[in-house]
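Trainee: okay, here's the prediction I keep looking at, along with the sequence it came from:
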Amino acid sequence: MAEPRRIPGEAGIWVLIGGEMLVFSLFFLIFAYYRSQQPEVFSQSHLMLDRGIGLANTLVLLTSSLFVALGVRRVREGQPGDGTFFRAGLACGAIFAALKAAEYTAKFSHGITPLTNDFFMYYFAFTGIHLVHVLIGSGGLAYLSFVASREPSPSRTMLAECAGLFWHLVDLLWIMLFALFYLAGGSHG
Amino acid sequence: MEYPTISARAQRFMLWWGYAMMIMFGLSYWLLIRLLPLNPATDTAAQVAAFYQANSLPIRIGAVLCSWCAAFAIPIYVVLVAHCVRLEKGIPVWSILQFGGGMMMTIFLVLPPLFWGVAAFSPGRPAEITLLMHELGNLTLVTTDQFFIFNMVPIAYLALSRRGHALNPFPRWYGYYVIWTALMFEVGAFGFLPRTGPFAWNGLLVYWIPFSIFGIWMTLTMLVMLPAIKRQEMAEAAEAKRHG
């Protein structure tokens, strides 16, 4: 008999995820609006971003999502987890943050700040807010790496699914930011 | 350790007291101080001085009213902490953190009307000085995120970690909503950077969204706490009946 359909995590977490999606959608619309107002500035500015670091961060987060998904699957199947997958996801989060810090430092050392122009205002603000989400999600993964070693229980599964969902959200939002800033940051992008 | 509770009647009184003062604060800010929304951050010193010269009396009356009601959140946090402590054992650290954060947070709703009132107090002074008070008031309103986090994280933690606890007043969706609110409030600090656009002090992301979310949060808190107080009242009545 097929397992009855249910939403992952719990209903309440979707309030948070829905709210985040809404606000980041708003960010993207704002960015698109201002890009249409200043196509030349945005076009030139987005070429000053390091696509290599952006791509590396995208791959790092995609890999982390794979680890987290594997970890959550072990928990859902009631296997006695050891938290390895979550620790691997956490390590990816740390690499992401380190690369982001290196990127910000490089920009500042070249005199590029949030006040340089509107493109960099949105770049620093949106990616900075996203970085805060990465840190919060990393806290969730750190907690899960301990919880995973507990005896299987519905609450363990729910926790794993909720933290996993948040991490996938963080990953998804970064992919959107990567496309917006690094790949299509200008009218000629 | 079982913590004593505040009576249901006192809790309802405090909630309505807080909300009545919040409405008074909102109306004073909107209709008298007239900075809803805040003036553009691109206004010159002369434009800002002219605003305070033209509205000196209503702004000062608004400042008087806000002197009475701007700390409206205090009784609301007292009710919240009364419920939070019942979810903890021993020293109720999360409740203390929540209460301390909430108390400090109220200061930043008290200060802006005070600064605007000072700006309007001597409208004939050099324009740059009025501009300084105006900027201090506006930036105090939108960028002061220091204490929200210490109020909201404990509420979210208690809401989500005390699953199935009979005394937990918070639905789980409320816990997640509080997390989202805390995240959205953090954007306000960007008000220090640009003068135009969504991150300016009157912009969509720094002004409109945080204040809308704050209003929704306060409304949801009321809607969550009133039934919780009712449940407490019924439980106490049942307990009294059992003991004759």
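Mentor: Nice, thanks for sending it over. Numbering: from 1, shown residues only, chains lettered A, B, ... in the order given.
Trainee: gap between the helix ranked longest in chain B and the chain center?
Mentor: Determined from DSSP state H, the single longest helix within chain B is helix B:209-242. Centre-to-centre, helix B:209-242 and its host chain are 17 Å apart (CA atoms, centre = their mean, to the nearest Å).
Trainee: what do you get for stretch A:72-84?
Mentor: With CA atoms, centre = their mean as the basis, stretch A:72-84 stands 23 Å off its chain's centre.
Trainee: pLDDT of that stretch, averaged?
Mentor: Stretch A:72-84 shows a mean pLDDT of 81.
Trainee: list of residues touching it?
Mentor: A:71, A:85, A:144-149, A:151-152, A:156-157, A:160-161, A:164 (CB atoms under 8 Å, 6 or more residues apart in numbering or on different chains). Bear in mind the C-beta positions are built from the backbone N, C-alpha and C, glycine included.
Trainee: go on, stretch B:107-116?
Mentor: By CB under 8 Å, 6+ apart, stretch B:107-116 touches B:25, B:28-29, B:33, B:35, B:59, B:62-63, B:66-67, B:70-73, B:133-134, B:136-138, B:140-141, B:144, B:146-147.
Trainee: on that earlier part again, now narrow the contacts of stretch A:72-84 to whatever sits close to chain B.
Mentor: Among the contacts of stretch A:72-84, no residue lies close to chain B (CB under 8 Å from any CB of the partner chain).
Trainee: would you mind writing the ChimeraX command to select the buried ones in these?
Mentor: In ChimeraX syntax, the buried subset of these is picked out as below (16 or more other CB atoms under 10 Å in any protein chain shown):
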select /A:71,85,144,145,147,148,156,157,160,161,164
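Trainee: which of the contacts of stretch A:72-84 sit farthest apart?
Mentor: Maximum pairwise distance among these (CB to CB): 19.1 Å, between A:E151 and A:G164.
Trainee: hang on, the earlier thing: which other helices and strands contact the longest helix of chain B?
Mentor: Judged by 3 or more CB pairs under 8 Å, 6 or more residues apart in numbering or on different chains; DSSP states H and E, helix B:209-242 is in contact with helix B:8-27, helix B:73-84, helix B:172-186.
Trainee: please identify the most buried of the ones you listed.
Mentor: Ranked by mean neighbour count, those are led by helix B:73-84 with a mean of 23 (mean count of other CB atoms under 10 Å in any protein chain shown).
Trainee: output the contacting helices and strands for it.
Mentor: helix B:8-27, helix B:93-121, helix B:148-161, helix B:209-242.
Trainee: so what's the gap between whichever helix or strand comes after the second one and the chain middle?
Mentor: Same thing as helix B:93-121. Where DSSP states H and E defines the elements, the next helix or strand beyond helix B:93-121 is helix B:127-143. Chain-centre distance of helix B:127-143: 20 Å, with CA atoms, centre = their mean.
Trainee: helix B:127-143 near chain A anywhere?
Mentor: No - contact of helix B:127-143 with chain A is not found when judged by CB under 8 Å from any CB; the minimum separation is 13.6 Å.
Trainee: next, the buried residues of that helix.
Mentor: When burial is assessed from 16+ other CB under 10 Å, helix B:127-143 yields the following buried residues: B:127, B:130-131, B:133-143.
Trainee: and what of stretch A:50-59?
Mentor: Applying 16+ other CB under 10 Å to stretch A:50-59 flags A:54, A:57-58 as buried.
Trainee: what parts of chain B come near chain A?
Mentor: By the rule CB under 8 Å from any CB, the part of chain B lying against chain A is B:160, B:163, B:171-177, B:179-180, B:183-184, B:186-187, B:190, B:193-194, B:197-199, B:204-205, B:209.
Trainee: what about 10 Å?
Mentor: Neighbours of chain A within chain B, by CB under 10 Å from any CB of the partner chain: B:156, B:159-160, B:163-164, B:171-184, B:186-187, B:190, B:192-194, B:196-199, B:203-206, B:209, B:213.
Trainee: in CSV: the helices and strands packed on helix B:73-84, plus mean pLDDT and distance to A:D118.
Mentor: Shown next, in CSV, are the helices and strands packed on helix B:73-84 (pLDDT from 0 to 100; distance: least, CB to CB, whole Å):
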stretch, mean pLDDT, distance to A:D118
helix B:8-27, 94, 32
helix B:93-121, 95, 27
helix B:148-161, 92, 27
helix B:209-242, 90, 19
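Trainee: please identify the deepest-packed of the ones you listed.
Mentor: Stretch with highest mean neighbour count among those: helix B:148-161 (a mean of 22; mean count of other CB under 10 Å).
Trainee: between it and helix B:209-242, how big is the angle?
Mentor: 50 degrees (axes from the mean of the first three to the mean of the last three CA atoms, to 10 degrees).
Trainee: next, the angle from the lengthiest helix in chain A to helix B:172-186.
Mentor: What stands out as the longest helix in chain A, according to DSSP H, is helix A:118-147. On the basis of the same axes, to 10 degrees, helix A:118-147 is oriented at 140 degrees to helix B:172-186.
Trainee: show me what the helix or strand just after helix A:118-147 is packed up against.
Mentor: With elements assigned by DSSP H and E, the helix or strand that comes after helix A:118-147 is helix A:154-177. In terms of contacts (3 or more CB pairs under 10 Å, 6 or more residues apart in numbering or on different chains; DSSP states H and E), helix A:154-177 is packed against helix A:13-37, helix A:51-76, helix A:84-109, helix A:118-147.
Trainee: B:A82 is nearest to which of the ones you listed?
Mentor: helix A:13-37 (25.1 Å).
Trainee: chain center to whichever helix or strand comes after the closest one, what's the gap?
Mentor: Next helix or strand after helix A:13-37 toward the C-terminus (DSSP H and E): helix A:39-46. Centroid separation between helix A:39-46 and its chain, computed with CA atoms, centre = their mean, is 24 Å.
Trainee: do stretch A:64-80 as well
Mentor: Offset of stretch A:64-80 from its chain centre (CA atoms, centre = their mean): 18 Å.
Trainee: list the buried residues in that stretch.
Mentor: In terms of neighbour count (16+ other CB under 10 Å), stretch A:64-80 has its buried residues at A:64-65, A:67-68, A:71-72, A:74-75.
Trainee: out of these, who's nearest chain B?
Mentor: Nearest to chain B, judged by CB to the nearest CB, of those is A:V75 at 17.0 Å.
Trainee: measure that closest one to A:G93 for me?
Mentor: 18 Å (CB to CB, to the nearest Å).
Trainee: can you check B:A20 too?
Mentor: Distance of B:A20 to A:G93, given as CB to CB: 46 Å.
Trainee: same question for B:R163.
Mentor: 26 Å.
Trainee: okay, the two: which has more neighbours?
Mentor: A:G93 (24 against 12; other CB atoms under 10 Å in any protein chain shown).
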